[in-house]
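Student: got a sequence here, can you build the structure:
(2 chains)
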Amino acid sequence: MNRRVILIIIVIAVVLTDIAAFAQQHRAYNLIMKDIQPVFAALRKDLDGNNGAAAAEDAAKLQALFTEVEGFWAPFDTQDAVGFAKRAGEAAAKIGTAAKANDIKGAQASLAVVQKTCASCHFAHREETAKGFLIRP
Amino acid sequence: MRRLVFSTLIILFVAVNLHAQAAADSTEQKQAEDFLKRLNALTDWHLTVDGKEDGLEPLVNNMMELFAPDALAEVPPHDKEQIGPVMLRGKDNVKKWLEAIARTQSRLEYYFKRQTEGPTGDFEGWRLVYSAKLPWGGTGIAFPIMGVWSQRDTRHRYMAPGVTFIQYGTDGKIKRLRLLLGEIEEVVPL
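Tutor: Okay, here's the model as predicted:
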């Protein structure tokens, strides 16, 4: 009986450890970046077409993607990159709120913040080489 | 008489140029340049897309090749809690210091301070490297520098004038290093 309980505890511990390890894994950074580009383009199109509901949906997607970006940078001692991701995520949240209220101008102002923040982060942490982009820590 | 003066001037001119060339190609000059080149390369590593350090270890090892196992290094503080220079004894401690630089700083740009003087130094200036034969063997070199770097976490950029003193053993490895940086100022855009 005791042996069975111990075995069950060990199995549960192993499963929990695996789940924790899986939760800490991030998607590859280039995949996150490649996902941001079409969502951003769609969001801009939504706002240009005064489509508040679709814009709110895309803004939520963008916010989730920037949370992933923040997760990538968090383990490193690179506060500015974490800050850029946070700022972009916050701006995406503002786009969502404004879009839901049909405040398209307000949403577009926040979209400009996202764009500027992306550019600042790329300037500091993206290096273009002949082989493609590299991530500068 | 005029010929004599003219010939003397030509010989002097050639001699000065030959001397300048020799200084620029001297072993000591190359050692100083190599030291700064390897130091500046310490932060030229990247992150992989899955968040792993890529190329840091080879850059540190490349710098470590210059040091003797029993190297002694006096370096500027690299810890916020540290006041004054730090004395590192042995290669392992030097390696820890270099790894700390590679991980906590970015865009290193240590360079020679140039002196614009002399017949051909008016425009580009001389990258002066002072050298001396050590009484116990090996060579000592010293050269004025400007240290420029960014803190990796904040991206704040700093600049400081300084001097590097290096003593090489007979095997060409660094036995003693003294890197002095004074008046560290933050570089703020106007």
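Student: please report phi then psi for the residue nearest to residue A:133 when sequence neighbours are not counted.
Tutor: Counting by Cβ to Cβ, 6 or more residues apart in numbering or on different chains, residue A:133 lies nearest to residue A:126, which is 5.5 Å off, once chain neighbours are set aside. Where you see a C-beta, it was placed from the backbone N, CA and C, and this is true even at glycine. Backbone torsions of residue A:126, given as degrees, to the nearest 10, read phi -120, psi 130.
Student: what's the answer for the one 3 residues further on, then?
Tutor: According to degrees, to the nearest 10, the main-chain angles of residue A:129 amount to phi -130, psi 170.
Student: residues in contact with the residue most central in space within chain B?
Tutor: For chain B, the residue nearest the mean C-alpha position is residue B:36 (3.6 Å; Cα atoms, centre = their mean). The contact partners of residue B:36, by Cβ atoms under 8 Å, 6 or more residues apart in numbering or on different chains, come to B:110-112, B:145.
Student: would you turn the residues you listed into CSV with distance to chain A, pLDDT and secondary structure?
Tutor: CSV is the format used below for these (distance: Cβ to the nearest Cβ, whole Å; pLDDT from 0 to 100; DSSP: H, G, I helix; E, B strand; the rest coil):
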residue, distance to chain A, pLDDT, secondary structure
B:110, 19, 97, coil
B:111, 21, 95, strand
B:112, 26, 93, strand
B:145, 24, 96, strand
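Student: give me the buried entries from those.
Tutor: B:110, B:112, B:145 (16 or more other Cβ atoms under 10 Å in any protein chain shown).
Student: and which of those is nearest residue A:37?
Tutor: residue B:110 (37.8 Å; Cβ to Cβ).
Student: my guess is the residue nearest to residue A:133 meets residue A:137, correct?
Tutor: No - with contact defined as Cβ atoms under 8 Å, residue A:126 and residue A:137 do not form a contacting pair (11.5 Å).
Student: so for those two, which sits in the more crowded spot?
Tutor: residue A:137 (20 against 14; other Cβ atoms under 10 Å in any protein chain shown).
Student: host element of the more buried one?
Tutor: For residue A:137, there is no helix or strand it lies in under DSSP states H and E.
Student: how about residue B:88?
Tutor: Per DSSP H and E: strand B:86-89 holds residue B:88.
Student: list the buried ones in that strand?
Tutor: Applying 16+ other Cβ under 10 Å to strand B:86-89 flags residue B:88 as buried.
Student: which other residues reach that strand?
Tutor: B:71-78, B:94, B:96-97.
Student: got a ChimeraX select line for the buried ones in these?
Tutor: Selecting only the buried entries of the contacts of strand B:86-89 in ChimeraX, with 16+ other Cβ under 10 Å as the criterion:
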select /B:71,72,73,75,76,94,97
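Student: now intersect the contacts of strand B:86-89 with the strands, please.
Tutor: B:71-75 (DSSP state E).
Student: make a markdown table out of those residues and add distance to residue A:133 and pLDDT.
Tutor: Listed next are these as a markdown table, based on distance: Cβ to Cβ, whole Å; pLDDT from 0 to 100:
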| residue | distance to residue A:133 | pLDDT |
| --- | --- | --- |
| B:71 | 38 | 97 |
| B:72 | 42 | 97 |
| B:73 | 36 | 97 |
| B:74 | 40 | 97 |
| B:75 | 34 | 95 |
